[in-house]
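>>> turn this into a structure:
(chains A, B, C and D, ligands or ions: 6)
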Amino acid sequence: MKKLINKPENFVRESLEGMAAAHSDLIKVNYDPTFIYRATAPIPGKVAIISGGGSGHEPMHVGFVGTGMLDAACPGEVFTSPTPDQILEAAKQVDGGAGILYIVKNYGGDVMNFEMATELARAEGVRVLNILIDDDVAVKDSLYTQGRRGVGTTILAEKICGAAAEQGYDLTQIADLCRRVNLHGRSMGIALTSCTVPAKGSPTFELSDREIELGIGIHGEPGRERTDIKSVDEVTEILTRSIIEDAAYSRTLREWDENKGEWVDVELINPPLEKGDRLLAFVNSMGGTPLSELYLVYRKLAQICEQQGLQIVRNLIGPYITSLEMQGCSITLLKLDDEMIRLWDAPVKTPSWRWGI
Amino acid sequence: MKKLINKPENFVRESLEGMAAAHSDLIKVNYDPTFIYRATAPIPGKVAIISGGGSGHEPMHVGFVGTGMLDAACPGEVFTSPTPDQILEAAKQVDGGAGILYIVKNYGGDVMNFEMATELARAEGVRVLNILIDDDVAVKDSLYTQGRRGVGTTILAEKICGAAAEQGYDLTQIADLCRRVNLHGRSMGIALTSCTVPAKGSPTFELSDREIELGIGIHGEPGRERTDIKSVDEVTEILTRSIIEDAAYSRTLREWDENKGEWVDVELINPPLEKGDRLLAFVNSMGGTPLSELYLVYRKLAQICEQQGLQIVRNLIGPYITSLEMQGCSITLLKLDDEMIRLWDAPVKTPSWRWGI
Amino acid sequence: MVNQAHILQWLQVFATKIEQNKEYLTELDAAIGDADHGINMDRGFKKVSSQLPSFADQQDIGSILKTVSMTLISSIGGASGPLYGTWFLRASTAVAGKQELTQQDVLELLQAGLDGVLGRGKAQLGDKTMVDVLSPSVAAFRQAVGKGKTTLEALKTAVTAAEQGLHDTIPMLAKKGRASYLGDRSIGHQDPGGTSAYLMLKSFLEVLEA
Amino acid sequence: MVNQAHILQWLQVFATKIEQNKEYLTELDAAIGDADHGINMDRGFKKVSSQLPSFADQQDIGSILKTVSMTLISSIGGASGPLYGTWFLRASTAVAGKQELTQQDVLELLQAGLDGVLGRGKAQLGDKTMVDVLSPSVAAFRQAVGKGKTTLEALKTAVTAAEQGLHDTIPMLAKKGRASYLGDRSIGHQDPGGTSAYLMLKSFLEVLEA
Ligand SMILES: Nc1ncnc2c1ncn2[C@@H]1O[C@H](COP(=O)(O)OP(=O)(O)O)[C@@H](O)[C@H]1O
Ligand SMILES: Nc1ncnc2c1ncn2[C@@H]1O[C@H](COP(=O)(O)OP(=O)(O)O)[C@@H](O)[C@H]1O
Ligand SMILES: [Mg+2]
Ligand SMILES: [Mg+2]
Ligand SMILES: [Mg+2]
Ligand SMILES: [Mg+2]
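Ligands and ions are numbered 1, 2, ... in the order given. As a prediction, this is how the structure comes out:
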């Protein structure tokens, strides 16, 4: 294993120390338990947004703490969900009295830890809601399974909800908005190479020089299918068609019901994309893929969308949700409405995402 | 070779097509000859800034065309300098009548092509000056050799001079400013892996799982020295000490003398860093290194600077000057003055660098 | 009767087994997950192991298991953190205040742990998770108790059932956990969380046998 | 006498040699540069090759070489673009307006090309560049002419000197070009640009020999 690290067991902590040193104007880091929060938190009267998940996906989520986005992020060990106590402490740190939204990717580990953290926070009188992101169309069937994973749509929801919180939306409004973003986002990814978890020291899987993994998640795990290497146009076609042709997707997700004071199963349906829809197109690097290649993906994606009568009105291209040094990419298409566009364009100032201020 | 590309010979062009599709609000692309320019160029009365070099370093330079930075960028083939006719056409496209500064990295190929382009533009009555960046301390001796390469300081100069041009500085002032930035910037890099030039199809060099290359440039070429893998703290210590302990560096560089109407050799000296200096610390990924690891580098860098009485007042951390998918990093330290800080903080809006607007 | 010393030994043996099998568990997880199960479990049980001396004066087995649960919840993370955490939490409630455990107590402990995992993770038998190890082992223990077997004998049949259950995860198509994202490709691999669950029961048996 | 047909054949043979040696030149550049010399040269000379038919009616050798120069400058890039471009530009000036070249014309062409490279690149003999091939070959040609040799004979000695010069680049420590950044590690490798320069002279010889 060749990495720019010291001891693997100190990797997450030392990386956060680097962030703390670099961005003391924006963020503060708490180490035991570990979370990153806005230097200005809590902000009285503002809904706080918290996300978290395993480390190894940087800049998500730790790089997105700041004005117009997250109030706190809870990084777990590499590819391992954070623990409930971490999340609880972060919640208490940033609670400005207007409630807290947890934005949670739909992985068993994340879901269970955030559910426990919701229960703990509520037991301490902190008003928390919990919205799941499950946008990965590579996962086909939802019945009796874990359902779809949360991937690219996560950070789009963080940006949009972060802006809404900044503009004074209340907790229910932001939870509704977050759910709506999730219902209109779809993603899929591929890998050219595996990645090496520092504590493991060798690649999670081996791919020959002629193979790629289709339908991967973001934890360095293998994908739905292994196939021969293809041109970027073919790869983009597969990803884009899988997203565009994805039918209405129906499943139940657990949300906290404030009236009942318990978890309820909510039935939710993603409407399929339609001609004339306005889209945000997000081409994401898994970490090791050069920006120049992402633009090749975007080129083909834009061509297909145009042919299909889909209108890309915003885009995001770069390494935002990574799996360490993995080579590969993912595409996310989010159907936008006027409100989402306005919130997307709103100013943001975090260590890894900045515009308008 | 596994890459997200179509035919290698179309790589640069198709990547630019992707950029054109994604950023039509900011840039336009001309294909024959190839250059990218601001959608709003020429801007009458504003000095135009042009840079260029081989492709494969994205986002440098093509991602930095826009408000507050470059007016045009001339990408060559992968790791190959652009040609004089490309640069000339770009110059004619963005000339707003106030003259043009070429910011050129000190590589034989770049220097010769930009010199020819300077001569051609001047012959057509376009006022052009030419400032070289040579900041790579890994190259020791300058006498009778090519001298130091231009690396990290290049984009810092582009940002600072771009802001100056936006604020109405005239051509001589901007050339002086660019030279001053170069005289106060120093860089050094290391590689953990090689990279694969698409047209070649195999890695430029092979490193075993226990080796790293010290003192690399940005063209996927091997470095000054091959050594055993080290911890990130050790690597950072080597890079930082090489920069901090670099003595006054003296050499002659060629610049165009407007009065004499010919090239003159200018003797230039980089003063060494001193206790109390205010620095911009730039930790750059060579492309394939995760952001989390860059923060480990920054962590140690900040510790060393503090011990040495050097004050980091600004920083930049991420993949800005890459060598395709190469894993590794470089550190640049730039001594700042008030004017540079003001210009650094000024708004910028380009495909890959944005703040303030 | 199972006493406090047994419980502490069990935790120690389990922690040691996890440490010894750290890489094995991680490799199993690499095949159908994200290559961290051994690392996760070892992080948690190293903490538990370091806490064991502080339990010396603590006679209440329920309290010990509750502390272990909190330690696991706050140090493992991932899916296995809440699952093992919940297993121990519910187990601790089942034997709250007890200084010694009867055969019936052990049965209730095992059943409560399983119920906790089922409630938290919502997996069903056959989903290729630790449930496929925990569930048949509890059933076997209960059956053995019904047949009048000793605790040790019952635990032996429970471990045998766990081993069989673990083996049975290999041909299963995963429906919960990360392996479920692999679809058909999850077939042919042994479940990592089931493997650690088997080690947990095996450790308990070894302590009682000693 | 060297006529227009010789020149066109020479350009064709050189272009073919570059194509055949594209990978070899690139490998040489991978060792001490950035792995693109063969790719660069091939891009330029493919363009030249495609232009050759359009030269059929063009009898002025100077004009032909000037067009070649412009093509190379605008298509090769890197260090070799300006250098080969300048070689051809200065060579074209040396034989401007000529439809046939005397031995003296060839000497002046070679000398002018070398001077162009020296002026543009500022390399000196021994810096491990194409100058180490071009320079001794011009000297050998000049000497042979002085001794009353034929153009063919003179070119033979020039190519022999070029080959020797190329071989001599191997132990050199590079002082110009990318290889110079390698310091001591540049020693023991043959210069890629010198290799293509040798192929250029060799192609000229083959055409005159044919
Ligand atoms: N919903 C669930 N119910 C029961 N067990 C589960 C569930 N999800 C995952 N598991 C168990 O957890 C194990 C994986 O644990 P681990 O690798 O530590 O967590 P993660 O999947 O978050 O990386 C699986 O092998 C499986 O036995
Ligand atoms: N200053 C110089 N003078 C003469 N020849 C040079 C000089 N710099 C480089 N070269 C020649 O150019 C060759 C490299 O060409 P090429 O690989 O195409 O360009 P680049 O170095 O820009 O990638 C070297 O092998 C060397 O012979
Ligand atoms: Mg995990
Ligand atoms: Mg080159
Ligand atoms: Mg796992
Ligand atoms: Mg080269």
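>>> alpha carbons only for contacts and neighbour counts from here, please
Will do.
>>> look up the closest residue to residue C:2, ignoring the ones flanking it.
residue C:101 (4.9 Å; CA to CA, 6 or more residues apart in numbering or on different chains).
>>> kindly report the same for residue A:174.
Distance criterion CA to CA, 6+ apart; nearest residue to residue A:174, sequence neighbours excluded, is residue A:161 at 6.0 Å.
>>> which stretch of helix or strand covers the one you found?
Element membership of residue A:161, judged by DSSP states H and E, is helix A:153-166.
>>> about what we covered before: residues near the residue nearest to residue C:2, how many?
Using other CA atoms under 10 Å in any protein chain shown, the number of residues around residue C:101 comes to 18.
>>> who's in contact with it?
Residue C:101 is in contact with C:1, C:2, C:3, C:95, counting by CA atoms under 8 Å, 6 or more residues apart in numbering or on different chains.
>>> for chain C, what are the low-confidence residue spans?
Low-confidence regions of chain C, defined here as pLDDT under 70, do not occur.
>>> for ligand 3, what is the nearest residue in it?
The minimum distance from chain C to ligand 3, using CA to the ion, falls at residue C:78 (4.9 Å).
>>> what segments of chain C are strands?
C:2-3, C:100-101 (DSSP state E).
>>> I misspoke; the intended subject was the stretch 51-200 of chain A.
Ranges of strands within the stretch 51-200 of chain A are A:72-78, A:100-105, A:128-133, A:185-191, based on DSSP state E, counting those that start in this stretch.
>>> just checking, what packs against the second one?
This means strand A:100-105. strand A:48-55, helix A:108-123, strand A:128-133, helix A:153-166, helix A:171-183 (3 or more CA pairs under 8 Å, 6 or more residues apart in numbering or on different chains; DSSP states H and E).
>>> now do the third one
Where contact means 3+ CA pairs under 8 Å, 6+ apart, strand A:128-133 is packed against strand A:100-105, helix A:108-123, helix A:171-183, strand A:249-257.
>>> can you tell me which of these is packed in deepest?
The highest average neighbour count among the helices and strands packed on strand A:128-133, using mean count of other CA atoms under 10 Å in any protein chain shown, belongs to strand A:100-105 at a mean of 26.
>>> stretch A:111-127 near ligand 1 at all?
No. Against ligand 1, stretch A:111-127 shows no contacts by CA under 6 Å from any ligand atom, the least distance being 8.5 Å.
>>> whoops, I mixed them up, stretch C:8-18
No. Using CA under 6 Å from any ligand atom, stretch C:8-18 stays clear of ligand 1, with a minimum separation of 12.1 Å.
>>> does chain A sit close to that stretch?
No. Using CA under 8 Å from any CA of the partner chain, stretch C:8-18 stays clear of chain A, with a minimum separation of 14.9 Å.
>>> send over that stretch as CSV, restricted to the C-alpha atoms.
Only the C-alpha atoms of stretch C:8-18 are listed here, as CSV (Å, rounded to 0.1, in the frame of the first residue of the first chain):
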residue,chain,number,x,y,z
LEU,C,8,-15.7,-11.7,31.7
GLN,C,9,-13.8,-14.7,30.3
TRP,C,10,-16.3,-15.0,27.4
LEU,C,11,-15.8,-11.3,26.5
GLN,C,12,-12.0,-11.8,26.6
VAL,C,13,-12.0,-14.9,24.5
PHE,C,14,-14.4,-13.3,22.0
ALA,C,15,-12.2,-10.2,21.8
THR,C,16,-9.1,-12.4,21.2
LYS,C,17,-10.8,-14.4,18.5
ILE,C,18,-11.9,-11.2,16.8
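>>> list of residues touching it?
So stretch C:8-18 is contacted by C:38, C:41-42, C:45-46, C:48-49, C:52, C:55, C:196, C:199-200, C:203-204, C:206-207 (CA under 8 Å, 6+ apart).
>>> same question, stretch A:91-105
For stretch A:91-105, the surrounding residues in contact (CA under 8 Å, 6+ apart) are A:37-38, A:41-53, A:71-72, A:110-111, A:114, A:121, A:126-134, A:149-151, A:154, A:158, A:170-171, A:174-175, A:178.
>>> do that stretch and ligand 3 meet?
No. Legend: contact between stretch A:91-105 and ligand 3 by CA under 5 Å from the ion is lacking; minimum distance shown is 12.8 Å.
>>> same thing with stretch C:40-54?
No. Using CA under 5 Å from the ion, stretch C:40-54 stays clear of ligand 3, with a minimum separation of 7.8 Å.
>>> that stretch and ligand 5, any residue contact?
No. Counting by CA under 5 Å from the ion, ligand 5 is not contacted by stretch C:40-54; separation bottoms out at 7.8 Å.
>>> chain center to that stretch, what's the gap?
15 Å (CA atoms, centre = their mean, to the nearest Å).
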